[in-house]
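S.K.: only geometry, no sequence info:
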Ligand code: TXA
Ligand code: MG
(Lines give C-alpha, C1' and ligand atoms only; values in the text may rest on other atoms or scores of the structure.)
(Ligands and ions follow the chains in the order given, each with its own letter.)
Protein backbone atom coordinates (compact mmCIF):
# COMPACT_ATOMS: atom_id res chain seq x y z
CA UNK A 1 0.00 0.00 0.00
CA UNK A 2 1.36 3.42 -0.89
CA UNK A 3 1.89 5.40 2.28
CA UNK A 4 0.93 8.98 2.87
CA UNK A 5 2.42 11.58 5.19
CA UNK A 6 -0.10 13.40 7.36
CA UNK A 7 0.42 16.12 9.95
CA UNK A 8 -0.24 14.48 13.30
CA UNK A 9 -3.54 16.21 14.01
CA UNK A 10 -6.07 14.57 16.36
CA UNK A 11 -7.96 13.23 13.33
CA UNK A 12 -4.79 11.82 11.78
CA UNK A 13 -3.80 10.13 15.05
CA UNK A 14 -7.28 8.56 15.32
CA UNK A 15 -6.91 7.34 11.73
CA UNK A 16 -3.47 5.92 12.57
CA UNK A 17 -4.83 4.09 15.62
CA UNK A 18 -7.60 2.56 13.49
CA UNK A 19 -5.08 1.43 10.86
CA UNK A 20 -2.92 -0.18 13.57
CA UNK A 21 -5.92 -2.02 15.01
CA UNK A 22 -6.66 -3.28 11.49
CA UNK A 23 -3.15 -4.72 11.23
CA UNK A 24 -1.56 -1.99 9.07
CA UNK A 25 1.86 -0.40 9.60
CA UNK A 26 1.98 3.22 10.81
CA UNK A 27 5.13 5.28 11.37
CA UNK A 28 5.01 7.80 14.18
CA UNK A 29 7.31 10.22 16.02
CA UNK A 30 8.77 9.49 19.43
CA UNK A 31 11.18 11.69 21.38
CA UNK A 32 14.10 9.50 20.19
CA UNK A 33 13.53 8.56 16.52
CA UNK A 34 10.53 7.76 14.31
CA UNK A 35 9.13 4.28 14.98
CA UNK A 36 7.51 1.90 12.53
CA UNK A 37 4.48 0.64 14.42
CA UNK A 38 2.53 -2.60 14.23
CA UNK A 39 -0.05 -4.18 16.53
CA UNK A 40 2.22 -6.09 18.94
CA UNK A 41 -0.55 -8.54 19.82
CA UNK A 42 -0.91 -9.70 16.19
CA UNK A 43 1.61 -12.19 14.79
CA UNK A 44 0.60 -11.28 11.23
CA UNK A 45 1.15 -7.54 11.78
CA UNK A 46 4.50 -8.12 13.42
CA UNK A 47 5.57 -10.41 10.56
CA UNK A 48 4.64 -7.73 8.02
CA UNK A 49 6.71 -5.23 10.01
CA UNK A 50 9.81 -7.46 9.85
CA UNK A 51 9.21 -7.84 6.11
CA UNK A 52 8.77 -4.08 5.47
CA UNK A 53 12.07 -3.30 7.22
CA UNK A 54 13.91 -6.30 5.83
CA UNK A 55 14.79 -7.07 9.43
CA UNK A 56 16.08 -10.50 10.46
CA UNK A 57 13.29 -12.13 12.48
CA UNK A 58 15.76 -13.12 15.21
CA UNK A 59 16.22 -9.43 16.13
CA UNK A 60 13.57 -8.71 18.77
CA UNK A 61 11.45 -5.54 18.80
CA UNK A 62 10.52 -3.03 21.49
CA UNK A 63 6.85 -3.06 22.55
CA UNK A 64 5.71 0.50 23.19
CA UNK A 65 2.97 1.09 25.76
CA UNK A 66 1.03 4.15 26.90
CA UNK A 67 2.03 3.95 30.57
CA UNK A 68 3.64 1.80 33.26
CA UNK A 69 0.33 0.11 34.09
CA UNK A 70 0.14 -1.23 30.56
CA UNK A 71 3.76 -2.43 30.82
CA UNK A 72 2.98 -4.32 34.05
CA UNK A 73 0.57 -6.49 32.07
CA UNK A 74 3.32 -7.80 29.80
CA UNK A 75 6.42 -8.33 31.98
CA UNK A 76 7.56 -9.03 35.53
CA UNK A 77 8.90 -5.93 37.28
CA UNK A 78 11.30 -6.30 40.20
CA UNK A 79 12.26 -3.37 42.45
CA UNK A 80 14.96 -2.20 39.99
CA UNK A 81 12.50 -2.12 37.09
CA UNK A 82 9.88 -0.35 39.20
CA UNK A 83 12.42 2.24 40.25
CA UNK A 84 13.62 2.95 36.70
CA UNK A 85 10.07 3.05 35.32
CA UNK A 86 8.99 5.48 38.00
CA UNK A 87 12.00 7.71 37.49
CA UNK A 88 12.41 7.67 33.69
CA UNK A 89 9.10 6.77 32.03
CA UNK A 90 7.86 8.23 29.86
CA UNK A 91 11.33 8.65 28.36
CA UNK A 92 14.20 7.29 26.25
CA UNK A 93 14.70 4.10 28.29
CA UNK A 94 13.82 0.54 27.23
CA UNK A 95 13.67 -2.21 29.86
CA UNK A 96 14.25 -5.86 28.92
CA UNK A 97 12.32 -7.92 31.47
CA UNK A 98 11.02 -11.47 31.94
CA UNK A 99 7.87 -11.91 29.91
CA UNK A 100 4.66 -12.66 31.83
CA UNK A 101 3.01 -15.98 31.01
CA UNK A 102 -0.24 -14.14 30.27
CA UNK A 103 1.40 -11.42 28.13
CA UNK A 104 -0.68 -10.47 25.09
CA UNK A 105 2.42 -9.88 22.95
CA UNK A 106 2.85 -12.04 19.87
CA UNK A 107 5.94 -14.24 20.42
CA UNK A 108 7.44 -12.79 17.19
CA UNK A 109 7.90 -9.42 18.97
CA UNK A 110 10.60 -10.88 21.19
CA UNK A 111 11.87 -13.31 18.55
CA UNK A 112 10.78 -16.22 20.72
CA UNK A 113 12.87 -15.09 23.74
CA UNK A 114 11.53 -15.36 27.28
CA UNK A 115 12.17 -11.64 27.79
CA UNK A 116 10.40 -8.59 26.36
CA UNK A 117 11.66 -5.06 25.69
CA UNK A 118 9.24 -2.37 26.86
CA UNK A 119 9.20 1.41 26.59
CA UNK A 120 6.82 4.29 27.35
CA UNK A 121 7.76 7.02 24.87
CA UNK A 122 7.71 10.68 25.89
CA UNK A 123 6.04 12.26 22.88
CA UNK A 124 2.47 13.59 22.70
CA UNK A 125 1.79 11.98 19.30
CA UNK A 126 3.13 8.59 20.37
CA UNK A 127 1.23 8.82 23.67
CA UNK A 128 -2.09 9.63 21.98
CA UNK A 129 -1.59 6.94 19.33
CA UNK A 130 -0.82 4.27 21.97
CA UNK A 131 -3.81 5.23 24.12
CA UNK A 132 -6.15 5.15 21.15
CA UNK A 133 -4.77 1.92 19.73
CA UNK A 134 -5.47 0.43 23.16
CA UNK A 135 -2.77 -2.21 22.86
CA UNK A 136 1.04 -2.47 22.82
CA UNK A 137 2.64 -1.33 19.57
CA UNK A 138 5.86 -2.95 18.36
CA UNK A 139 8.08 -0.27 16.87
CA UNK A 140 11.65 -0.48 15.65
CA UNK A 141 13.21 2.61 14.14
CA UNK A 142 11.36 3.36 10.88
CA UNK A 143 14.24 2.66 8.46
CA UNK A 144 15.23 -0.28 6.28
CA UNK A 145 17.26 -2.66 8.45
CA UNK A 146 20.88 -1.56 8.90
CA UNK A 147 20.41 1.98 7.54
CA UNK A 148 20.36 5.37 9.25
CA UNK A 149 17.55 5.94 11.72
CA UNK A 150 14.92 8.58 10.84
CA UNK A 151 14.37 11.73 12.88
CA UNK A 152 11.87 13.38 10.50
CA UNK A 153 8.76 12.16 8.68
CA UNK A 154 10.53 12.91 5.38
CA UNK A 155 13.33 10.47 6.27
CA UNK A 156 10.69 7.77 6.78
CA UNK A 157 8.79 8.58 3.59
CA UNK A 158 12.01 8.57 1.53
CA UNK A 159 13.10 5.11 2.64
CA UNK A 160 9.92 3.19 3.53
CA UNK A 161 7.04 5.31 2.23
CA UNK A 162 5.79 2.79 -0.32
CA UNK A 163 5.71 -0.06 2.22
CA UNK A 164 3.58 1.46 4.98
CA UNK A 165 0.02 2.76 5.31
CA UNK A 166 0.69 6.11 6.99
CA UNK A 167 3.47 8.32 8.34
CA UNK A 168 2.31 10.65 11.13
CA UNK A 169 4.38 13.82 10.90
CA UNK A 170 5.09 15.29 14.33
CA UNK A 171 8.17 17.29 13.35
CA UNK A 172 11.79 16.46 14.17
CA UNK A 173 12.51 14.14 17.11
CA UNK A 174 13.92 16.14 20.04
CA UNK A 175 16.40 13.56 21.46
CA UNK A 176 17.54 12.22 18.08
CA UNK A 177 19.14 8.96 19.29
CA UNK A 178 17.45 5.66 20.10
CA UNK A 179 16.54 4.77 23.67
CA UNK A 180 19.02 3.30 26.13
CA UNK A 181 18.31 -0.45 26.47
CA UNK A 182 18.82 -1.93 29.95
CA UNK A 183 18.54 -5.67 30.56
CA UNK A 184 17.05 -6.59 33.94
CA UNK A 185 16.41 -10.32 33.48
CA UNK A 186 19.22 -11.18 35.91
CA UNK A 187 22.22 -8.90 36.41
CA UNK A 188 21.50 -5.31 35.30
CA UNK A 189 23.21 -4.78 31.94
CA UNK A 190 23.58 -1.87 29.55
CA UNK A 191 22.54 -3.54 26.26
CA UNK A 192 22.60 -0.37 24.15
CA UNK A 193 23.75 3.14 25.11
CA UNK A 194 21.22 5.76 24.07
CA UNK A 195 19.35 8.93 24.85
CA UNK A 196 19.42 8.43 28.63
CA UNK A 197 22.94 8.39 30.07
CA UNK A 198 24.40 5.48 32.00
CA UNK A 199 25.28 7.78 34.90
CA UNK A 200 21.68 8.71 35.70
CA UNK A 201 20.57 5.06 35.50
CA UNK A 202 23.42 3.89 37.74
CA UNK A 203 22.50 6.59 40.26
CA UNK A 204 19.19 4.73 40.72
CA UNK A 205 20.13 1.04 40.64
CA UNK A 206 23.92 0.82 40.89
CA UNK A 207 26.49 -0.35 38.32
CA UNK A 208 25.42 -1.72 34.94
CA UNK A 209 27.35 -4.68 33.57
CA UNK A 210 28.31 -5.11 29.91
CA UNK A 211 26.14 -7.29 27.66
CA UNK A 212 26.94 -10.97 28.23
CA UNK A 213 27.96 -13.52 25.61
CA UNK A 214 24.33 -13.79 24.58
CA UNK A 215 25.07 -10.65 22.60
CA UNK A 216 23.35 -12.03 19.49
CA UNK A 217 20.12 -11.78 21.44
CA UNK A 218 20.44 -8.00 21.15
CA UNK A 219 21.33 -7.71 17.48
CA UNK A 220 21.05 -3.91 17.62
CA UNK A 221 24.48 -4.45 19.14
CA UNK A 222 25.76 -6.03 15.92
CA UNK A 223 28.27 -3.87 14.13
CA UNK A 224 26.36 -3.50 10.87
CA UNK A 225 23.82 -0.92 11.94
CA UNK A 226 23.03 2.77 11.67
CA UNK A 227 24.95 3.14 8.42
CA UNK A 228 24.81 5.84 5.76
CA UNK A 229 25.46 4.84 2.13
CA UNK A 230 28.80 6.69 2.05
CA UNK A 231 31.82 5.49 4.03
CA UNK A 232 32.20 7.13 7.44
CA UNK A 233 35.67 8.22 8.62
CA UNK A 234 35.84 8.93 12.34
CA UNK A 235 38.08 11.20 14.46
CA UNK A 236 38.95 13.22 11.37
CA UNK A 237 40.97 16.38 11.83
CA UNK A 238 40.50 17.76 8.32
CA UNK A 239 38.41 16.73 5.34
CA UNK A 240 40.23 14.94 2.52
CA UNK A 241 39.47 15.87 -1.09
CA UNK A 242 35.86 14.99 -1.93
CA UNK A 243 34.81 14.34 1.67
CA UNK A 244 32.05 16.12 3.56
CA UNK A 245 33.11 17.10 7.08
CA UNK A 246 30.66 16.77 9.96
CA UNK A 247 32.06 18.98 12.71
CA UNK A 248 31.57 19.40 16.44
CA UNK A 249 32.48 22.55 18.37
CA UNK A 250 34.69 25.13 16.68
CA UNK A 251 35.53 23.68 13.29
CA UNK A 252 36.21 26.01 10.39
CA UNK A 253 36.09 23.41 7.62
CA UNK A 254 32.80 21.77 8.62
CA UNK A 255 30.24 21.17 5.85
CA UNK A 256 27.70 20.86 8.70
CA UNK A 257 28.27 21.21 12.45
CA UNK A 258 26.56 19.02 15.07
CA UNK A 259 26.91 21.78 17.66
CA UNK A 260 29.05 24.86 17.19
CA UNK A 261 28.99 25.43 20.97
CA UNK A 262 30.15 21.86 21.69
CA UNK A 263 26.85 20.81 23.29
CA UNK A 264 26.48 16.99 23.16
CA UNK A 265 22.69 17.01 23.65
CA UNK A 266 22.32 19.32 20.67
CA UNK A 267 24.75 17.12 18.72
CA UNK A 268 22.64 14.02 19.43
CA UNK A 269 19.50 15.78 18.22
CA UNK A 270 21.29 16.72 14.97
CA UNK A 271 23.27 13.51 14.35
CA UNK A 272 20.96 11.47 12.09
CA UNK A 273 19.48 14.47 10.29
CA UNK A 274 22.97 15.73 9.38
CA UNK A 275 24.19 12.29 8.33
CA UNK A 276 21.09 11.98 6.11
CA UNK A 277 21.79 15.44 4.66
CA UNK A 278 25.45 14.65 3.86
CA UNK A 279 24.80 11.15 2.49
CA UNK A 280 24.89 12.34 -1.13
CA UNK A 281 26.73 11.12 -4.22
CA UNK A 282 28.54 14.45 -4.63
CA UNK A 283 30.76 13.44 -1.65
CA UNK A 284 33.14 10.47 -1.53
CA UNK A 285 32.79 9.93 2.23
CA UNK A 286 31.62 11.60 5.43
CA UNK A 287 34.45 12.50 7.79
CA UNK A 288 33.42 13.24 11.37
CA UNK A 289 35.52 15.16 13.88
CA UNK A 290 36.22 13.73 17.32
CA UNK A 291 33.19 13.68 19.63
CA UNK A 292 33.93 13.68 23.39
CA UNK A 293 33.15 10.25 24.89
CA UNK A 294 31.09 11.39 27.85
CA UNK A 295 27.40 11.84 28.61
CA UNK A 296 25.29 11.29 25.50
CA UNK A 297 28.56 11.45 23.50
CA UNK A 298 29.01 7.77 24.40
CA UNK A 299 25.85 6.86 22.46
CA UNK A 300 26.81 9.17 19.58
CA UNK A 301 30.21 7.45 19.28
CA UNK A 302 28.54 4.02 19.53
CA UNK A 303 26.30 4.79 16.53
CA UNK A 304 29.16 6.33 14.53
CA UNK A 305 31.40 3.30 15.15
CA UNK A 306 28.66 0.89 14.07
CA UNK A 307 27.92 2.99 10.99
CA UNK A 308 31.62 3.01 10.06
CA UNK A 309 31.95 -0.75 10.66
CA UNK A 310 28.90 -1.52 8.51
CA UNK A 311 30.31 0.31 5.52
CA UNK A 312 33.63 -1.49 5.95
CA UNK A 313 31.82 -4.83 5.99
CA UNK A 314 29.82 -3.91 2.86
CA UNK A 315 32.95 -2.72 1.07
CA UNK A 316 34.74 -5.96 1.88
CA UNK A 317 31.83 -7.98 0.52
CA UNK A 318 31.61 -5.97 -2.69
O1 LIG B 1 14.31 4.77 20.71
C2 LIG B 1 14.05 3.62 20.38
O3 LIG B 1 14.31 2.64 21.08
C4 LIG B 1 13.35 3.43 19.02
C5 LIG B 1 11.99 4.13 19.09
C6 LIG B 1 11.15 3.92 17.87
O7 LIG B 1 11.30 3.73 20.26
N8 LIG B 1 13.23 2.05 18.70
C9 LIG B 1 14.31 1.30 18.38
O10 LIG B 1 14.00 -0.01 18.06
O11 LIG B 1 15.44 1.72 18.36
P12 LIG B 1 15.03 -1.02 17.38
O13 LIG B 1 14.22 -2.20 17.03
O14 LIG B 1 15.74 -0.33 16.28
O15 LIG B 1 15.99 -1.41 18.55
C16 LIG B 1 15.57 -2.30 19.57
C17 LIG B 1 16.76 -2.83 20.32
C18 LIG B 1 17.57 -3.78 19.46
O19 LIG B 1 18.94 -3.58 19.76
C20 LIG B 1 17.08 -5.15 19.94
O21 LIG B 1 18.00 -6.16 19.69
C22 LIG B 1 16.89 -4.87 21.43
O23 LIG B 1 16.32 -3.57 21.47
N24 LIG B 1 15.94 -5.82 22.04
C25 LIG B 1 14.61 -5.92 21.84
N26 LIG B 1 14.08 -6.93 22.56
C27 LIG B 1 15.09 -7.48 23.24
C28 LIG B 1 15.20 -8.59 24.15
N29 LIG B 1 14.14 -9.30 24.51
N30 LIG B 1 16.42 -8.88 24.65
C31 LIG B 1 17.51 -8.13 24.30
N32 LIG B 1 17.47 -7.08 23.44
C33 LIG B 1 16.29 -6.76 22.92
MG1 MG C 1 17.03 0.58 14.59
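M.R.: Looks like it came in fine. As the structure is a prediction and not an experimental result, all values here were calculated from the model. Numbers count the residues shown, from 1 in each chain. Ligands and ions are numbered 1, 2, ... in the order given.
S.K.: Could you pick out the residues of the chain near ligand 1 for me?
M.R.: Contact residues, the chain versus ligand 1 (C-beta under 6 Å from any ligand atom): 30, 32-33, 35, 59-62, 94, 96, 110, 113, 115-117, 119, 121, 139-141, 178-179, 181, 191-192, 217-220. Just so you know, the C-beta spots here come from the backbone N, C-alpha and C atoms, and that holds for glycine as well.
S.K.: Only whichever of the residues you listed are buried, select them in PyMOL.
M.R.: Typed into PyMOL, the next command selects the buried ones out of these (criterion: 16 or more other C-beta atoms under 10 Å):
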select buried, resi 30+32+33+35+59+60+61+62+94+96+110+113+115+116+117+119+121+139+140+141+178+179+181+191+192+217+218+219+220
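S.K.: Give me the subset of the residues of the chain next to ligand 1 lying in helices.
M.R.: Among the residues of the chain next to ligand 1, no member falls in helices (DSSP state H).
S.K.: Go through the residues of the chain next to ligand 1 and flag which are in strands.
M.R.: Residues of those located in strands (DSSP state E): 35, 62, 94, 96, 115-117, 119, 181, 191-192.
S.K.: will you turn these into a markdown table that also has pLDDT?
M.R.: Putting those into a markdown table (pLDDT from 0 to 100) gives the following:
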| residue | pLDDT |
| --- | --- |
| 35 | 98 |
| 62 | 98 |
| 94 | 98 |
| 96 | 98 |
| 115 | 97 |
| 116 | 98 |
| 117 | 98 |
| 119 | 98 |
| 181 | 98 |
| 191 | 96 |
| 192 | 96 |
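S.K.: and those, which two are the farthest apart?
M.R.: Farthest apart among those by C-beta to C-beta are 35 and 115. That separation is 19.7 Å.
S.K.: Stretch 82-93 - what's its average pLDDT?
M.R.: With pLDDT averaged residue by residue, stretch 82-93 scores 98.
S.K.: contacts for it?
M.R.: Judged by C-beta atoms under 8 Å, 6 or more residues apart in numbering, the contacts made with stretch 82-93 from elsewhere in the structure are 31-32, 67-68, 71, 77, 95, 119-123, 127, 175, 177-180, 182, 184, 194-196, 200-201, 204-205.
S.K.: out of those, which are buried?
M.R.: Once neighbours are counted (16+ other C-beta under 10 Å), the buried part of the contacts of stretch 82-93 comes down to 31-32, 68, 71, 77, 95, 119-123, 127, 175, 177-180, 182, 184, 194-196, 201, 205.
S.K.: Let me see the contact set for residue 301.
M.R.: Residue 301 makes contacts with 291, 293, as judged by C-beta under 8 Å, 6+ apart.
S.K.: Quick one: the strands in the protein, in order.
M.R.: For the chain, applying DSSP E gives strands covering 4-7, 26-29, 34-39, 62-64, 93-98, 115-119, 137-138, 166-169, 180-183, 189-192, 232-233, 243-247, 256-257, 285-288.
S.K.: Among those, which comes closest to residue 277?
M.R.: Proximity of the strands of the chain to residue 277 was assessed by C-beta to C-beta; the nearest stretch is strand 256-257, lying at 6.4 Å.
S.K.: now for that closest one, which elements pack on it?
M.R.: Other helices and strands packing on strand 256-257, by 3 or more C-beta pairs under 8 Å, 6 or more residues apart in numbering; DSSP states H and E, are strand 243-247, helix 264-278.
S.K.: buried residues in the first one?
M.R.: This points to strand 243-247. Under the neighbour-count criterion of 16+ other C-beta under 10 Å, strand 243-247 has 243-247 buried.
S.K.: and the gap between residue 44 and ligand 1?
M.R.: Distance of residue 44 to ligand 1, given as C-beta to the nearest ligand atom, to the nearest Å: 19 Å.
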